[in-house]
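J.: Here is a sequence with its predicted model. Questions after.
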Amino acid sequence: MSYFKHHVFFCCNQRQAGESCCNDHNASTLQTHAKERIAALGLKGRGQVRINKAGCLGRCDDGPVLVVYPDNVWYTYVDQEDIDEIIDSHLAGGRIVERLRLKDAP
């Protein structure tokens with residue numbers, strides 16, 4: 001059994017000016033929001049949810065991105081409302097948010 005039910009990694013990579021990266025889309029700010037909201041909902045900790053920052057996750061052209069393990073579900077998002085929907089539907093409710101889900105690479 002996994003230590004966390006869901007382990008969420010936000011790509012917060014910052015590249016040189018002119019190169020596509022997740023942090024240009026407020027990834028760090030939205031990661032902090034997710035971390036605080038998970039704690040406020042009482043979903044933080046062992047057997048529950050862990051929110052982490054990550055370096056480049058290799059999907060910059062799809063960004064911003066986050067990945068939920070062990071489910072191996074990749075998401076893109078635009079704003080705080082998208083993050084809240086991922087938290088409410090997937091992390092708390094067990095339902096993948098298909099409209100935000102990235103398709104696996106071929």
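T.: Great, that's in hand.
J.: thought Trp20 was touching Cys60?
T.: Rather than Trp, residue 20 is Ser. Yes. Contact criterion Cβ atoms under 8 Å: Ser20 and Cys60 qualify, at 4.7 Å. Glycine gets a C-beta too; all of them are placed from N, C-alpha and C.
J.: The two: which has the busier surroundings?
T.: Neighbour count, other Cβ atoms under 10 Å: between Ser20 and Cys60, Cys60 has more, with 17 against 12.
J.: Could you tell me which residues make contact with the more buried one?
T.: Shown in contact with Cys60 (Cβ atoms under 8 Å, 6 or more residues apart in numbering): 11, 13, 15, 19-22.
J.: Could you single out the nearest of those residues to Asn52?
T.: Asn52 has its nearest neighbour among those in Cys11, at 10.6 Å by Cβ to Cβ.
J.: Just give me the residue closest to the centre of this structure.
T.: Taking Cα atoms, centre = their mean, the centroid of the chain lies closest to Leu66, which sits 3.2 Å from it.
J.: who are the neighbours in contact with the closest residue to Gly47 other than its chain neighbours?
T.: Nearest residue to Gly47, sequence neighbours excluded (Cβ to Cβ, 6 or more residues apart in numbering): Lys5, at 6.0 Å. Residues counted as contacts of Lys5 (Cβ under 8 Å, 6+ apart) are 47-49.
J.: Name the spans of this protein whose pLDDT lies under the cut-off.
T.: When residues are selected by pLDDT under 70, those of the chain lie in 1, 105-106.
J.: In it, where's the longest helix?
T.: helix 27-40 (DSSP state H).
J.: Show me what that one is in contact with.
T.: So helix 27-40 is contacted by 8, 10-13, 44, 48-49, 51-53, 63-64, 66, 77, 79-80, 83-84, 86-87, 91 (Cβ under 8 Å, 6+ apart).
J.: Can you flag which of those belong to helices?
T.: 80, 83-84.
J.: Pipe these into JSON lines and attach neighbour count per row.
T.: As requested, these are arranged in JSON lines below (neighbours: other Cβ atoms under 10 Å):
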{"residue": "Gln80", "neighbour count": "14"}
{"residue": "Ile83", "neighbour count": "23"}
{"residue": "Asp84", "neighbour count": "15"}
